[in-house]
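J.: predicted model and sequence below, questions to follow.
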Amino acid sequence: MGSTIKIITAGDASYRQMIEGAVQMNSCCGHDTLVYDIGGLGIGKPFDISSDLAMVASPSIMFTGPPISKSTFKPRIILDAMQRHIGDTCHFAWIDGDAFCIQPLDDVFDMDFDMAVTMRRSGEGISITWPPMYDCYVNAGVLLFKNSPGLRLFLEKWIHKIPMTTTVTDQEALNSLLLPYVDFSMTGRIYNAHDVNVLVLTTDEYNFYYFPETPLPTTRILHFKGDKSYSMKWFDKYVKPQQMVFIVGEVEKKERSSGSTPIFS
């Protein structure tokens, strides 16, 4: 039997609706979901992020650029999930709480990598007001992992790097660790960084957030990041119809097993 894929996600109370939807979509794609509750979510494993909140609120942090996500807890949650499944035949994908898997990820894991990252489009996010490495290369909203001692050691390095970055963010720390070793201009290749094999994927296929553009037929993951009032209309267009297909399919399966008449006919 092949390895199962466990999708890791996290959120607070404001993410409840999106994460419940993501769990449905992940199941539709054949993947399990490990949900972490970082504050009032009400589902999943409670996870304390008080140390992260204290770190990003430190008065020593002088960054005055545009608003950014400081998901410093991300590598700690990923490491926690991996440590709980050492020895299991499963792979992992971190997907932000505002992102949805819409096509299975199984075949990606046939490639010989330890970690896969998604590279932004060329030139995206570069600004003279932002630190040079921030937001220019890898978007950390979608990450794929195979569980190994070397990968878990890399996660420890990522955790320790975050407080040393200009913005105190998971994303800048990840980019700064990978940049000396990875040519982000070349997708589909595998590079060795810190004794970890890193596969570079495109955001267009594995972390699509370029709305109002239409996702590719091969897009696997939709990411509704940024302004939620703007993003929700694209969520309604691309995710809700697939959720309904899933719900109808589940109801029909139950009705067939019980011998009742389908209600969606």
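T.: Right, received. Where do you want to start?

J.: residue nearest the centroid of the chain?
T.: The residue lying closest to the centre of the chain (Cα atoms, centre = their mean) is I95, at 2.1 Å.

J.: that one reaches L105, doesn't it?
T.: No - here I95 does not reach L105: they are 9.5 Å apart, not a contact under Cβ atoms under 8 Å. Using the backbone N, CA and C atoms, a C-beta is placed for each residue, glycine as well.

J.: that older thread, who does the residue nearest to the centre of the chain form a beta bridge with?
T.: Note on I95: beta-bridge partners by DSSP bridges are V142.

J.: list the contacts for it?
T.: Shown here is I95, whose contacts under the criterion Cβ atoms under 8 Å, 6 or more residues apart in numbering are 7-9, 22, 101, 141-142, 221.

J.: in stretch 93-105, what's buried?
T.: The neighbour-count check on stretch 93-105 (16 or more other Cβ atoms under 10 Å) flags 93-103, 105 as buried.

J.: what helix or strand is D52 on?
T.: D52 is part of helix 50-56, with elements assigned from DSSP states H and E.

J.: for the helix or strand just after that helix, packing partners?
T.: Counting by DSSP H and E, the next helix or strand C-terminal to helix 50-56 is helix 74-83. Using 3 or more Cβ pairs under 8 Å, 6 or more residues apart in numbering; DSSP states H and E, the elements in contact with helix 74-83 are strand 4-11, strand 32-37, strand 90-95, strand 138-146, helix 149-161.

J.: partners of the second one in the sheet?
T.: Read it as strand 32-37. Strand 32-37 has these strand partners (DSSP bridges): strand 4-11 (parallel), strand 45-46 (parallel).

J.: hang on, V23 in a strand?
T.: No - under DSSP: H, G, I helix; E, B strand; the rest coil, V23 falls outside any strand and is assigned helix.

J.: residues contacting it?
T.: Applying Cβ under 8 Å, 6+ apart, we find V23 in contact with 33, 35.

J.: again with N147
T.: 82, 85-86, 88, 90-92.

J.: check S148 too.
T.: Listed by Cβ under 8 Å, 6+ apart, the contact set of S148 reads D114.

J.: phi, psi of it?
T.: phi -150, psi 160 (degrees, to the nearest 10).

J.: measure it to W234 for me?
T.: For S148, the distance to W234 equals 36 Å [Cβ to Cβ, to the nearest Å].

J.: tell me how many other residues crowd the nearest residue to K45 once chain neighbours are set aside.
T.: Of all residues not flanking K45 in the chain, Y36 sits nearest, at 5.4 Å (Cβ to Cβ, 6 or more residues apart in numbering). Residues lying near Y36 (other Cβ atoms under 10 Å) number 24.

J.: one more: G87?
T.: Around G87 there are 6 other residues, counting by other Cβ under 10 Å.

J.: now the strands for the stretch 101-250 of the chain?
T.: Using DSSP state E, counting those that start in this stretch, the strands of the stretch 101-250 of the chain run over 115-119, 138-146, 190-193, 196-202, 221-223.

J.: give me the contacts around the last one.
T.: Applying Cβ under 8 Å, 6+ apart, the external contacts of strand 221-223 come out as 95-96, 98-102, 139, 141-142, 206-209, 215, 234-235, 238-239.

J.: the fourth one now?
T.: With contact meaning Cβ under 8 Å, 6+ apart, strand 196-202 is reached by 108, 111-119, 144, 150-151, 154, 178, 181-182, 184, 186-192, 207.
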